[in-house]
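Q: generate coordinates for the sequence data below:
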Amino acid sequence: MEFVAVVGMMLASSSASAFAEGFETHDLTTMEKTVAAKFDKQAYHWATPANMSISCCGADEDEIVSVTVDRQTDEIGKANRTDEAYIAELENICANGICKIEEIDAGTAIARQITLRNLGGGQSGVNIFAVKGGDRLIIQSSAKSTEAARNNAVKVLEVLEMQLIGQ
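A: You can find the predicted model right below:
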C-alpha cells in the first residue's frame, strides 16, 4: 500500500512540475473579458478553461477567433513531445507551400504564425501556435482578408502573452 502511495505522489508531482514549466495559468475563463475588450462591444464571446471563441467585428460578423490551451502530445501514443519537435512538424507541413510560416515573438514561448490564404467561402486564416514546457496555445482566426485575420489573432496574443504565457 505504501508503494502505491509513493508512486501516486511521484506522478502527481511530475505532472505538477510539467505544468510549472509551461504557461502561467491554464484557465482561459480568467482572461475572457480582457480578450473580448479588444474587440467590438457587440462581439459574441464565450470561454471554458481550455477554449475561447470570439465572433466579431463589424456588421457582417464574419470574423471568428478560436483559442485553445492544452498539452501537446504526439497524437499516436499520447506521449508528451518536445516544444521544438512540435514546431518542426509545423514547419514541415508548410514546407510544401500550402501555407506561410513565420517565427513570431510570444514572450517566453516558442511561437509561429501560419497564414492560410484561402479557407473557402472567401475567408482567409491566420493561426498562431505557441509552446512552452509542453503547454500549447492555438489561436485560429478567420476573416474576409488575411490582414483582418492576422490583426485579430495578434490582439488575442497580446493579452495572452502577458497573462497566460508569461514574460
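Q: show me the shaky parts of this protein.
A: 1-20, 57-61, 73-81, 167 (pLDDT under 70).
Q: and the strand or helix carrying V131, what other elements does it pack with?
A: Using DSSP states H and E, V131 sits within strand 123-132. For strand 123-132, the packing partners by 3 or more C-beta pairs under 8 Å, 6 or more residues apart in numbering; DSSP states H and E come out as helix 83-94, strand 100-106, strand 109-120, strand 135-143, helix 146-160. The way it works is simple: take the backbone N, C-alpha and C, and place the C-beta from them, glycine included.
Q: would TSV of these with distance to A36 and mean neighbour count be doable?
A: Shown next, in TSV, are those (distance: least, C-beta to C-beta, whole Å; neighbours: other C-beta atoms under 10 Å):
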stretch	distance to A36	mean neighbour count
helix 83-94	28	14
strand 100-106	20	14
strand 109-120	22	17
strand 135-143	14	23
helix 146-160	9	20
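Q: could you dump these to a markdown table with distance to T29?
A: Below are those laid out as a markdown table (distance: least, C-beta to C-beta, whole Å):
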| stretch | distance to T29 |
| --- | --- |
| helix 83-94 | 25 |
| strand 100-106 | 21 |
| strand 109-120 | 20 |
| strand 135-143 | 15 |
| helix 146-160 | 13 |
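Q: out of these, flag the one nearest T34.
A: For T34, the closest of these is helix 146-160, at 5.2 Å, according to C-beta to C-beta.
Q: the closest one packs against which elements?
A: Checked by 3+ C-beta pairs under 8 Å, 6+ apart, helix 146-160 has helix 32-36, strand 51-56, strand 63-71, strand 109-120, strand 123-132, strand 135-143 packed alongside it.
Q: so what's the residue count around V67?
A: Using other C-beta atoms under 10 Å, V67 is surrounded by 26 other residues.
Q: ok, P49 next?
A: Residues near P49, counting by other C-beta under 10 Å: 12.
Q: ramachandran angles for it?
A: Dihedral pair for P49: phi -50, psi -40, per degrees, to the nearest 10.
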